[in-house]
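Engineer: this is a predicted model, with the sequence first.
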Amino acid sequence: MRGVAVHILILEPFVFPPFRGGEREGRDGTRAMEPATFFTDTAARGQRASSVSGSSATERTVAMLLAGALEQLTPEQTSAKAKLTAAIQIVGGRPDSFPRSGGLAPWQANRLMTHIDKNLDTQLRLDEAAALVRISASHFSRAFKKTFSQPFSRYVRVLRLERARVLLTTTDRPISDVALACGLADQPHLTRLFHRQYGAPPHAWRRAHGRDARRMESEPI
């Protein structure tokens with residue numbers, strides 16, 4: 001009959017690290033209390049992790065609030081836009097990382113504003129603008145109106161007329177040239193839109209607000 005080998009596994013007792021301190025024996029035989037390093041270190045690490053997590057959440061909330069304020073600014077408020085953008089970056093966010101609810105993302109709006117400003121003397125098409133920000137034309141129309149509070153065509157028209165007003169006020173260029181520089185078909189086209197916007201035709205506006213008018217106002221009596 002074969003013998004059966006019996007293996008007895010002896011488990012060493014598992015000793016948990018002291019949660020609330022313990023005793024240790026010194027070299028001289030005296031006993032002293034061991035500080036509760038496991039408990040205190042674990043708690044400290046948890047506090048630090050909680051602090052970092054809470055800080056990150058707070059910074060993201062602040063960045064989102066700043067991005068929301070950035071959305072409310074008009075295209076002309078460039079200084080305020082720059083300051084809010086810098087503030088978002090200070091708290092660790094990126095202005096283009098917070099999508100607008102139902103509107104354009106900040107990077108899309110900024111790209112469009114730059115494109116329109118640089119090409120205001122040309123025929124700006126809605127489908128080309130939509131392709132520039134990588135969305136469909138139908139979605140673009142809704143998103144643009146949500147972001148800029150007006151349709152694309154009206155937004156462009158207002159900028160064209162504003163440029164015309166500035167050119168009429170600060171230069172002596174012929175009105176027909178001003179119309180072309182603003183992307184309008186001809187002088188009658190500019191006259192019709194300008195009168196509707198500012199309550200006077202271009203030549204009357206220039207006579208009242210142009211260089212000659214300011215020169216006459218500055219001459220001593």
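Structural biologist: It's in.
Engineer: can you map out the helices along the chain?
Structural biologist: 37-72, 78-90, 106-118, 126-132, 137-148, 152-170, 175-181, 187-198, 202-209, 211-218 (DSSP state H).
Engineer: pLDDT on the longest one, on average?
Structural biologist: Per-residue pLDDT values over helix 37-72 give a mean of 55.
Engineer: coming back round to it: next, format the helices of the chain as a markdown table and append mean neighbour count.
Structural biologist: C-beta coordinates here come from the backbone N, C-alpha and C atoms, glycine included. What follows is the helices of the chain, written out as a markdown table (neighbours: other Cβ atoms under 10 Å):
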| stretch | mean neighbour count |
| --- | --- |
| helix 37-72 | 13 |
| helix 78-90 | 15 |
| helix 106-118 | 17 |
| helix 126-132 | 15 |
| helix 137-148 | 17 |
| helix 152-170 | 18 |
| helix 175-181 | 18 |
| helix 187-198 | 17 |
| helix 202-209 | 17 |
| helix 211-218 | 10 |
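Engineer: and those helices, which one is worst for confidence?
Structural biologist: helix 37-72 (a mean of 55).
Engineer: need the residues that contact stretch 196-204.
Structural biologist: 158, 161, 164-165, 168, 175, 178, 187, 190-191, 194-195, 205, 208 (Cβ atoms under 8 Å, 6 or more residues apart in numbering).
Engineer: can I get the CA coordinates of it in CSV?
Structural biologist: Provided in CSV are the C-alpha atoms of stretch 196-204 (Å, rounded to 0.1, in the frame of the first residue of the first chain):
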residue,chain,number,x,y,z
ARG,A,196,-32.8,102.4,-45.0
GLN,A,197,-30.1,101.8,-42.4
TYR,A,198,-29.1,105.3,-41.5
GLY,A,199,-32.0,107.5,-42.6
ALA,A,200,-30.1,109.4,-45.2
PRO,A,201,-28.4,108.6,-48.6
PRO,A,202,-24.6,108.3,-48.7
HIS,A,203,-24.0,111.8,-50.2
ALA,A,204,-26.1,113.5,-47.5
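Engineer: and the contacts of stretch 196-204, which two are the farthest apart?
Structural biologist: Maximum pairwise distance in the contacts of stretch 196-204, criterion Cβ to Cβ, is 20.8 Å, between 158 and 208.
Engineer: residue 123 contacts residue 183, correct?
Structural biologist: Yes - taking contacts as Cβ atoms under 8 Å, residue 123 lies within contact range of residue 183: 6.6 Å.
Engineer: ok, these two, which is more surrounded?
Structural biologist: residue 183 (21 against 10; other Cβ atoms under 10 Å).
Engineer: pretty sure that one contacts residue 125?
Structural biologist: No - checked against Cβ under 8 Å, the pair residue 183 and residue 125 is beyond contact range at 11.5 Å.
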